[in-house]
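Engineer: What follows is a predicted structure for the sequence shown.
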Number of protein chains: 2
Amino acid sequence: MSDLDASRFWLDALKWDENGMIPAIAQDATSGRVVMFAWMNRESLLQTVASGKAVYWSRSRQRLWRKGEESGYCQNVISIRADCDGDVLLLSVDQVGGIACHTGRQSCFFLELNGERWVPVDPVLQDPKEIYAQ
Amino acid sequence: MSDLDASRFWLDALKWDENGMIPAIAQDATSGRVVMFAWMNRESLLQTVASGKAVYWSRSRQRLWRKGEESGYCQNVISIRADCDGDVLLLSVDQVGGIACHTGRQSCFFLELNGERWVPVDPVLQDPKEIYAQ
């Protein structure tokens, strides 16, 4: 795939897939941990830049997903990077509450491959029932 | 999407997309930087686990892509994690040569959004002509 053309307007320089989506990785600026992965369309990326808070496109719900809209654990966006060919985004975020995952963990990537099984290796910081109670 | 069923055999517990692919994020274990993003199919993931070196599926070339096969800059895999719903992988790697990107940079994510443009913000560590000369 060809390299991102940095002379183009930023939104047009990105390579959107056949569904108008681009993958987005969120990395916590403080811990350095990759906390989640989601998808964005143009509208969600525009709203992310405009608001300074991560807005994804929920493919399962087919609507904009303002991260933290239910849990309160939003992501303040510190910087946005694109990769060399412009088809993936990396967000450096300040993860409010220190919890990105709906299971109450810091990161969604809490399952480590160990032999033939995926093993949860990170602690639950808050009971999901509490997170989604309000 | 439903959570990963950790009681299942690891390969079957993952959620492969309609093309039999799963996204994979590679994070350098030393620097903590996200160095690249690529796709895997079952065969590439199996070969990754068997060899201890990252093997992706090149969608553009439609073949297995042993990272570093041309450049020599392979990725030794330290651990593999899956996310909560089992549809994304996170590889912790030792990036040989400290260069993951074909542009000769540490990471593929070297373009930062600044106003209306993507700006390269990381140094080129080695001329790509040298990397791919052999």
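Structural biologist: Ah, there it is. Numbers count the residues shown, from 1 in each chain, chains lettered A, B, ... in the order given.
Engineer: name the helices or strands packed onto the biggest helix by length in chain A?
Structural biologist: Looking across chain A with DSSP state H, the single longest helix is helix A:42-51. Applying 3 or more C-beta pairs under 8 Å, 6 or more residues apart in numbering or on different chains; DSSP states H and E, one finds that helix A:42-51 contacts helix A:10-13, strand A:55-58, strand A:63-66, strand A:75-82. The C-beta positions use only the backbone N, C-alpha and C, and glycine is treated the same way.
Engineer: Okay, angle between the longest one and helix A:42-51 too, please.
Structural biologist: Right, the one you point to is strand A:75-82. 120 degrees (axes from the mean of the first three to the mean of the last three C-alpha atoms, to 10 degrees).
Engineer: Could you list the residues in contact with the very next helix or strand once past strand A:75-82?
Structural biologist: Next helix or strand after strand A:75-82 toward the C-terminus (DSSP states H and E): strand A:89-95. Around strand A:89-95, the neighbours that count as contacts under C-beta atoms under 8 Å, 6 or more residues apart in numbering or on different chains are A:14, A:22-30, A:35, A:40, A:45, A:48, A:54, A:73, A:75-83, A:106, B:34, B:109.
Engineer: correct me, but residue A:85 touches residue A:13?
Structural biologist: No. With contacts counted by C-beta atoms under 8 Å, residue A:85 stays clear of residue A:13, the gap being 10.5 Å.
Engineer: Name the residues contacting each of the two.
Structural biologist: Common neighbours of residue A:85 and residue A:13 (C-beta under 8 Å, 6+ apart) are residue A:4.
Engineer: Run through chain A and note the low-pLDDT ranges.
Structural biologist: Where chain A drops to pLDDT under 70, the residues are A:134.
Engineer: Apart from its neighbours in sequence, what residue is nearest residue A:74?
Structural biologist: Nearest-residue entry for residue A:74: residue A:68, 3.1 Å, with adjacent residues in sequence omitted and distances by C-beta to C-beta, 6 or more residues apart in numbering or on different chains.
Engineer: Tell me if the one you found really is in a helix.
Structural biologist: No. If the criterion is DSSP: H, G, I helix; E, B strand; the rest coil, then residue A:68 is coil and not within a helix.
Engineer: Hmm, residue A:75 and it touching each other?
Structural biologist: Yes. With contact defined as C-beta under 8 Å, residue A:68 reaches residue A:75; the gap is 6.8 Å.
Engineer: Neighbour count for the two, which is higher?
Structural biologist: residue A:75 (26 against 18; other C-beta atoms under 10 Å in any protein chain shown).
Engineer: residues contacting that one?
Structural biologist: Per C-beta under 8 Å, 6+ apart, neighbours of residue A:75: A:26, A:53-54, A:67-68, A:91, A:93-96, A:100.
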